[in-house]
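J.: Take this sequence and fold it.
(one chain, ligands or ions: 1)
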Amino acid sequence: MKIGIIVGSLRKGSFNRKLAEISKNIINEGNEAEIIDISYLPFYNQDDDGVNPREEYVKIREELKKYDAYLFFTPEYNRSLAPALKNVIDIGSRDPKGNLWYGKPAAIFSASIGSSGGAMGNHALRQSFVYINLITMNQPEVYISAVHTLFDKDGNLKEDTKTFLEESTRAFVDFAKKHG
Ligand SMILES: Cc1cc2nc3c(=O)[nH]c(=O)nc-3n(C[C@H](O)[C@H](O)[C@H](O)COP(=O)(O)O)c2cc1C
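T.: Numbering: from 1, shown residues only. Predicted coordinates for the structure are as follows:
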């Protein structure tokens, strides 16, 4: 099982990215995971697609096709989704051979500094997943709140949150195997 991890925050110090690294290590214990770089993607423009798609669209589509399942980590931006994630979803959905997400297993884990753990951003993203038919894990739900308080000065994640993240990641691997 090869799982592509996609992080919606592009900033260097992203907490979502730190959580994604932990999940990556867990998945790599018995399967394969990579964090997929989406930072170079321009906003999707249909005029740059079609018979001669722009090179960034070709590159990310080829990369995305290598994976059996996708694990998304997202912040919440102004009570909604992270545009970088919506952008890669849109680009992937317009592959010349069709929507490349179709029927693949997925999960959305969110983290924010607020008290709701990015739940509204998480669910806003999920809305598109229904249409593109990513088969999305319902439980466990992963909303990590006050994420800026959960790492110590050496960058270690608080033990109970780490356990929760590890268990949720393992649940996703099981889900992906069942539905992939
Ligand atoms: C444009 C913007 C909008 C934000 N809106 C929200 C929000 O609606 N809810 C929330 O809990 N945090 C919000 N935040 C704060 C984020 O939770 C915080 O920046 C978090 O660290 C982002 O995730 P990251 O560390 O992975 O970049 C917002 C941050 C930005 C930059």
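J.: buried sites along stretch 56-73?
T.: By neighbour count on 16 or more other C-beta atoms under 10 Å, the buried set for stretch 56-73 is Y57, I60, R61, E63, L64, Y67, A69, Y70, L71, F72, F73. In this view, the C-beta of every residue, glycine as well, is placed from N, C-alpha and C.
J.: Stretch 26-35 too?
T.: I26, I27, A33, I35.
J.: For the second one, what are phi and psi?
T.: The phi and psi values for I27, taken as degrees, to the nearest 10, are phi -60, psi -40.
J.: List the residues that contact it.
T.: Applying C-beta atoms under 8 Å, 6 or more residues apart in numbering to I27 gives the contacts I3, I5, A33, L71, T169, V173.
J.: Just the pLDDT for the fourth one.
T.: Which is L71. Predicted confidence (pLDDT) for L71: 99.
J.: Just the mean pLDDT for stretch 144-163, thanks.
T.: pLDDT averaged over stretch 144-163 gives 97.
J.: Give me the phi and psi for the most centrally placed residue in the chain.
T.: Among the residues of the chain, the one closest to the centroid is F72, at 1.3 Å (C-alpha atoms, centre = their mean). Main-chain dihedrals, F72, degrees, to the nearest 10: phi -100, psi 140.
J.: so it touches L125, yeah?
T.: Yes: if you go by C-beta atoms under 8 Å, F72 and L125 touch, sitting 6.8 Å apart.
J.: residues near the residue of the chain found nearest the ligand, how many?
T.: Distances between the chain and the ligand by C-beta to the nearest ligand atom are smallest at G114, namely 2.4 Å. Other residues within reach of G114, judged by other C-beta atoms under 10 Å, total 18.
J.: Double-check that it belongs to a helix.
T.: No: counting by DSSP: H, G, I helix; E, B strand; the rest coil, G114 is not part of a helix but coil.
J.: Now do the same contact list for it.
T.: E76, S145, A146.
J.: So which elements touch the longest helix seen in the chain?
T.: The single longest helix within the chain, with elements called by DSSP state H, is helix 159-179. When contacts are defined as 3 or more C-beta pairs under 8 Å, 6 or more residues apart in numbering; DSSP states H and E, helix 159-179 packs onto strand 2-7, helix 15-27, strand 69-74, strand 105-111, strand 142-144.
J.: May I see the buried residues of stretch 26-35 organised as TSV, with distance to R11 added?
T.: As requested, the buried residues of stretch 26-35 are exported to TSV (distance: C-beta to C-beta, whole Å):
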residue	distance to R11
I26	23
I27	23
A33	21
I35	14
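J.: ok, K162 touching I22?
T.: Yes: K162 lies in contact with I22 (C-beta under 8 Å); the separation is 6.7 Å.
J.: In contact with A20, which residues?
T.: I5, V7, I35, L71, F73.
J.: now with 7 Å?
T.: By C-beta atoms under 7 Å, 6 or more residues apart in numbering, the contact list for A20 reads I5, V7, I35, F73.
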